[in-house]
Each structure stands twice: as structure tokens, then as C-alpha cells.
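Peer 1: Have a look at this prediction, sequence included:
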Amino acid sequence: MAQPQEPNELKQLLETQEDITTSSLKRSRSPEVQEGTDASPAPKKLRKCPTEDEDNNDQVFFKEGFKCLHKLGEGTYGSVFKLIENTTDQVFAYKISRITDEFDQLTVHKEIKALKTLKGHKNIVLFLESDHSDNEVGLLLEFVDHNLREILTVQNEKGSVMLAEWMKSLIQDLLTGLAFIHSNDLIHFDLKPCNLLVCSKGTLKIADFGLTELREDRPFEFEKTTESYRPPECYQRPELMDTSVDMWSAGVIVLELVTGEVVVSKSQGWHRAGLLATLYGCKGNFNRLSEVLGHKDSPPPKLSSNFKDRASASLTSLVKRLLRCNPEERLSAEAALGHKYFQESPSGSLPDVASLLSKK
């Protein structure tokens, strides 16, 4: 397990990072130079300013030169806001993480390191720069229009099924992003639909790297993953946790793309994970799962038949290879991209997301 960093390590990371200028920022951001130092840029301090959101009147730290439009969401370690730059009218996402102890420092340290390592890949949300106050760190990110949970919810409300071409494109984007993450010896550990962003042109981008770990820091605590997307080994054999954890989560997400349903509720935990492995991944019966994990139990009721009705034979094969109960038998992201599902018709294509999300 990685040891907590010294209290000043996060500050040092922020104060020595380079000022990032990309094509996403229409104007250059001049580095602020501290007196008595060389030309290394100092981090930009956050200031308190009101949000335009009438339902959220609390004063929050935001960047100079930006106006907050509204809060996009809130998680365990902080909140995400939608900002607009005053001089260009460009919009950005701004994640503010609360720093209350060394664990929080370590968490945001890892997130920044991961985002900088993965910066520039088309299926990874783009990190631009960071700022800090005494007890908060802000991450400026590209703004992406939607997340996958939102899309699945709207389609379920409309009673519609996701287009096969777009589903294939989303799965391919997810696996391509994962292959890049894993090639850098990182494990995401928090893959779920709300952390998968979808731009207006239909491209998927992986986001929220707050729980990301280096493979070399094993073993990990099983509680790191969201329970609904947690593989069986997390419950009984956490020493086996590796990049295969992300591949299980990807398999569950594919099930949700096909069925339009949340297939594992938080209250079902280990029992439901065992069922998924039995129905979609294991050869044989539920006893194989018990054999691999050293656990005895009986299977709960069967899943919805929506998957069998909607999935092609090749997609069913891919899901089975992702939901193997033995993590060593699961496909890697790179191997999954070579599966026959991606060679068969229809080929992946991108839709007009706005029209698909229309309430009409």
C-alpha cells in the first residue's frame, strides 16, 4: 500500500508544475512568476466568487477571470462546476477537491499525476491546469456535454434502445481509453456510467481519476471500487486486484448499454457479482466461482432476459470474456479491441447526441 505523502508534497507538485497551454484555450495564459525565482510559473490562487445558480448561493473558490454558471455534480471528495471564461465565453469543467488531511492530499496528488500522464488521448478527459487555496485544490478540465448515465436514463424514459452502431463505438472508445490507461501501468478503479463523459458528437471520454492507482502499489483495498461495478475477487481475493478490475467494470457497463438497466444494485454486492460471473463469464455452474474464490454460497434469482434478446452472438461472447470470475482469464483492454465483435457489421458510428436526448 502506498504511504501517505509528506504534507508539503502536494503544494510542491502544484508550485512546480508547468503552465499548460492547449488549443482548447483560445488565449495564452501568462505564467505568474514569483519574486526571487526563475521563470517557473506559480500556481494561480483561487478566489471566492458567487455562482449564477440561484439554488446554490454559497460562495466558493473559483479561478480569476472565470464565472461559475452552475454546479454539475458532487462526490465524496469534492464538487464539479461549469465555468465560463470572461474574455472568450469558452466553457470548462472545474473540479474542486477539499483537502482536510494527508489522505486527501495523496488522493488529489494521484489524480493530477494520472491526468498529466494521460493528457492528450482522445478518450481521456483533457486536463488543463490546477490551482489551490489553503484547503482546496481546483482542476480545470475540458467541459463535456453529457455522461453515459444521463444518456441511459433518458433512453430508458423514452423506452428506446441504443443504436447498435453507436453502442459499438462507445464500447470501442471505452476499451481504447482503458488500453491507454493500462499501458501506463495505471488502474482507474472507478469506472461507471457517470464517470464516462460523452461529447455532443458521440465520442466517449473517461473521467474522474480520483481513485486511480499505480499497479506497482498493490495490494489495494477492495472498497476502492463502486460496489455495483466491483468484481468477485474484491470480496474474497483482494490480492488478485489488478487492471482486470477495470475490465470487469467495463463488462458490467456493456451489460447496461445493452439492457438499459442497472444490473447490480449496491445492496446485492458479492452475491450479484457472483451471479454475473456465473451467467456471463464462467464455464459451468456457480460452484466454479466458489472454487476460484474459496467461497460457498447459492445463486440468487436470474437476471433480466433483455440481454439475450438484444445482444448479438459476438457481443455476448465479448461480455463473457470480460466477466470471467477468474481475473486472470478476463480479456485485457487491448485484447478485447481485437475481438470479432468489432470486425462484424454494423461498424461503429457516431450519432447526433442532442437529437437522441430530445424529450420529443
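Peer 2: Good, I have the coordinates.
Peer 1: which element is Ile151 on?
Peer 2: Assigned by DSSP states H and E, Ile151 falls within helix 148-158.
Peer 1: That helix - what's its average pLDDT?
Peer 2: For helix 148-158, the mean pLDDT works out to 88.
Peer 1: again, but for stretch 167-181
Peer 2: 97.
Peer 1: what residues does it touch?
Peer 2: 118, 121-124, 148, 187-188, 191, 196, 198, 202-206, 212, 246-247, 250, 253-254, 257-258, 318, 332-334, 336-337, 341-342, 346-350 (Cβ atoms under 8 Å, 6 or more residues apart in numbering). Bear in mind the C-beta positions are built from the backbone N, C-alpha and C, glycine included.
Peer 1: Next, the distance between the ends of stretch 318-335.
Peer 2: The separation between the terminal residues of stretch 318-335, taken as Cα to Cα, to the nearest Å, is 10 Å.
Peer 1: Actually, stretch 79-91.
Peer 2: End-to-end distance for stretch 79-91: 17 Å, by Cα to Cα.
Peer 1: Which neighbouring elements make contact with the helix holding Ile151?
Peer 2: Identification of packing neighbours for helix 148-158 by 3 or more Cβ pairs under 8 Å, 6 or more residues apart in numbering; DSSP states H and E yields strand 196-198, helix 244-259, helix 353-356.
Peer 1: average model confidence for the last one?
Peer 2: For helix 353-356, the mean pLDDT works out to 67.
Peer 1: since we're on Asp89, how many residues are nearby?
Peer 2: 9 (other Cβ atoms under 10 Å).
Peer 1: show me the contacts for it.
Peer 2: Neighbouring residues of Asp89 by Cβ under 8 Å, 6+ apart: there are none.
Peer 1: which element is it on?
Peer 2: Assigned by DSSP H and E, Asp89 belongs to no helix or strand.
Peer 1: And it, its phi and psi?
Peer 2: Here is the backbone geometry of Asp89 (degrees, to the nearest 10): phi 60, psi 20.
Peer 1: Same check on Glu328?
Peer 2: Geometry field for Glu328 lists phi and psi as phi -70, psi -20, criterion degrees, to the nearest 10.
Peer 1: just checking, it touches Thr243?
Peer 2: No: assessed by Cβ atoms under 8 Å, Glu328 is found out of contact with Thr243, at 11.3 Å.
Peer 1: more crowded one of those two?
Peer 2: Thr243 (21 against 10).
Peer 1: quick one: the nearest residue to the more buried one once chain neighbours are set aside from Ser332, how far?
Peer 2: If you skip the residues right next to it in sequence, Thr243 has His182 as its closest partner in space, 4.5 Å away by Cβ to Cβ, 6 or more residues apart in numbering. Distance, His182 to Ser332, by Cβ to Cβ, to the nearest Å: 7 Å.
Peer 1: any shared contact partners between these two?
Peer 2: Thr243.
Peer 1: which one of the two has more residues nearby?
Peer 2: When neighbours are counted by other Cβ under 10 Å, His182 comes out ahead of the other of His182 and Ser332, with 20 against 17.
Peer 1: tilt between the helix or strand hosting the residue nearest to Thr243 and helix 148-158?
Peer 2: Secondary structure from DSSP H and E places His182 in helix 164-183. Calculated by axes from the mean of the first three to the mean of the last three Cα atoms, to 10 degrees, helix 164-183 forms an angle of 160 degrees with helix 148-158.
Peer 1: Name the residues of helix 164-183 that are buried.
Peer 2: Residues 164-182 are the ones in helix 164-183 that count as buried (16 or more other Cβ atoms under 10 Å).
Peer 1: Compute the inter-axis angle for it and helix 244-259.
Peer 2: With the same axes, to 10 degrees defining the directions, helix 164-183 sits at 170 degrees from helix 244-259.
Peer 1: Show the subsequent helix or strand relative to helix 164-183.
Peer 2: Remark: after helix 164-183, the chain's next helix or strand is strand 186-187, criterion DSSP H and E.
Peer 1: coming back round to it: in TSV: the helices and strands packed on helix 148-158, plus distance to Lys71 and mean neighbour count.
Peer 2: Rendered in TSV, the data for the helices and strands packed on helix 148-158 read as follows (distance: least, Cβ to Cβ, whole Å; neighbours: other Cβ atoms under 10 Å):
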stretch	distance to Lys71	mean neighbour count
strand 196-198	16	25
helix 244-259	25	25
helix 353-356	22	14
